[in-house]
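J.: here you go, sequence then predicted model.
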Amino acid sequence: MNAPTTTLTDRYVWAATRTVPEAQRPDLDRELRERIGDASDALVGTGRAPADAERMALVELGDPAAVAASYVDRPLQLIGPRYFLTWWRLVKVLYAVVLPISAGAVLLAKMLSQAPIGESFAEAFSVAFALAVHLGFWPTLIFAILERSPARAPDLTWTPDMLPELPETGRPGRLGDLIASLVFLGLFAGVIIWQGYGAPIVRPMGEPVPVLSPELWSFWIPWFLVIIGLEMVFASAIYAWGWNWWLAVVNLLLNVAFAVPALWLFTTGQLINPEFLDVIGWPWGEAGGVVTTIIVFAVIAVTVWDVIDGVIKTVRGRGGSALALGRI
Amino acid sequence: MSMDDTTAGHLQELRRGTVVLGCLVRLREPDYGYALLESLNRIGITVDANTLYPLLRRLEKQGLLTSEWNTDEARPRKFYRTSAPGEQLAADLTADWKNIDRALARLTSGDAR
């Protein structure tokens, strides 16, 4: 044996043994030296130079880390087939549920605290980004540890009870939804425009008073009308294709785009025309605060329910369990 | 995947269990890894070193083989030998192998139908 050959073997053996527990090192050390020695001797026997033979034997043996891992039965994947589906379903649920709710909440909170719109969106985005990193990292870490723990995990095996319902195929049922949506949205847009010109409430002398603040015509009322138009397009898309994950996400975005500015304008007193409040005698004594709170919560509840309803219909339509969020 | 890869994959699957049986029978006489590899390949039980060495370790862990280090020569070598449970398993596997062989023979000759 000449010096460089020995060095290569030594380096290989060291690289392989250093990652296995102390007690198993001498055994692996000897096994590898036996195997490398026998393999390269055989190659020398076929007429190769010892150094080449050594190198070829090591190449055939492969990555020392993989050899060591197989020696101690250490998995070579972060999350193996035993846990992959459970991990995948969990991550999808977290992203689909926690992320939009948190981003929407931050956006609303920033707007309520009178922050500029740009800053509010930037803050919501940065919170959503940080959250996305955390939501991806921690479950993966936990499952990777689970993968490496010798004890069997809690029973997460699949049972026939988890089988999804078959998708409902009734397009006629959706036609009713479409008509109802279009009629409601049309009326809603009509009321918004109508209250600005010929309003239902009039001053004692007969001059109409708009319900919504006239200053909003510069930006926010057109914004809401555009959102209502998009909602109509959206309702048609639901009729055409049925619920799917893309549309459930669009539904969420539309709801956020409508509810967040509306609540912000309402709670900061920019939504309702002050003159209109005068005419109806607002605030109605003690009841004012309560009514405001009820309206805010009602809007939030309706919005959240609409988003959840979309998700439920998507899950049923796609034939997934509640855990099958995703495939987005 | 080309047709040859498909064939090779199926052949590998078919032979996987026969390597275990080959080892258990061959190691009634104690021997070390490389000698076993050579002799199995010589008699037509083709096996790769990267398959055989981990397999020997697994069989030892399962108690089907016992091992002993021979340090008489310059290079210490681990000698494996079939244990009593290993003999029992070899008998079971051989019996099953013969059953499968008979079943396939009946299929081929058409008696089974």
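T.: Received the coordinates, thanks. As the structure is a computational prediction, the values presented were derived from the model and not from experiment. Numbering: from 1, shown residues only, chains lettered A, B, ... in the order given.
J.: from A:Gly80, how far out is the residue in the stretch 101-250 of chain A that chain B sits nearest to?
T.: Per Cβ to the nearest Cβ, A:Pro150 is where the stretch 101-250 of chain A lies closest to chain B, at 14.3 Å. Glycine gets a C-beta too; all of them are placed from N, C-alpha and C. Look at A:Pro150 and A:Gly80: by Cβ to Cβ, to the nearest Å, they are 14 Å apart.
J.: more neighbours, those two?
T.: Set A:Pro150 next to A:Gly80 and count neighbours by other Cβ atoms under 10 Å in any protein chain shown: A:Gly80 wins out with 15 against 5.
J.: per-residue pLDDT, the residue of the stretch 101-250 of chain A closest to chain B?
T.: As predicted, A:Pro150 sits at a pLDDT of 71.
J.: and for A:Gly173?
T.: The model's pLDDT for A:Gly173 equals 60.
J.: check chain B for the residue nearest chain A and tell me.
T.: B:Tyr34 (3.5 Å).
J.: list the buried ones in whichever strand or helix holds that residue?
T.: For B:Tyr34, the host element (DSSP states H and E) is helix B:33-42. Using 16 or more other Cβ atoms under 10 Å in any protein chain shown as the test for burial, helix B:33-42 gives B:33-34, B:36-37, B:40.
J.: take those and write them to TSV, including distance to B:Gln62 and pLDDT.
T.: Formatted as TSV, the buried residues of helix B:33-42 follow (distance: Cβ to Cβ, whole Å; pLDDT from 0 to 100):
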residue	distance to B:Gln62	pLDDT
B:Gly33	17	91
B:Tyr34	22	92
B:Leu36	17	93
B:Leu37	20	93
B:Leu40	19	92
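J.: just list the residues touching residue 39, thanks.
T.: I went with chain A, as the question did not name one. Going by Cβ atoms under 8 Å, 6 or more residues apart in numbering or on different chains, A:Ala39 touches A:53, A:56-57, A:60-61, B:34, B:49.
J.: hmm, no, I was thinking of chain B.
T.: B:26, B:31.
J.: same question, A:Ile295
T.: So A:Ile295 contacts A:Phe266 (Cβ under 8 Å, 6+ apart).
J.: ok so it is a helix residue?
T.: Yes - assessed by DSSP: H, G, I helix; E, B strand; the rest coil, A:Ile295 belongs to a helix.
J.: how would you label the closest residue to A:Ser181 other than its chain neighbours: helix, strand or coil?
T.: Among residues not flanking A:Ser181 along the chain, A:Ala235 sits closest, at 3.8 Å (Cβ to Cβ, 6 or more residues apart in numbering or on different chains). Secondary structure for A:Ala235, judged by three-state DSSP, is helix.
J.: A:Ala235: neighbour count?
T.: 19.
J.: show me the contacts for the spatially closest residue to B:Leu36 that is not a sequence neighbour.
T.: Among residues not flanking B:Leu36 along the chain, B:Arg26 sits closest, at 6.2 Å (Cβ to Cβ, 6+ apart). Applying Cβ under 8 Å, 6+ apart to B:Arg26 gives the contacts B:36, B:39-40.
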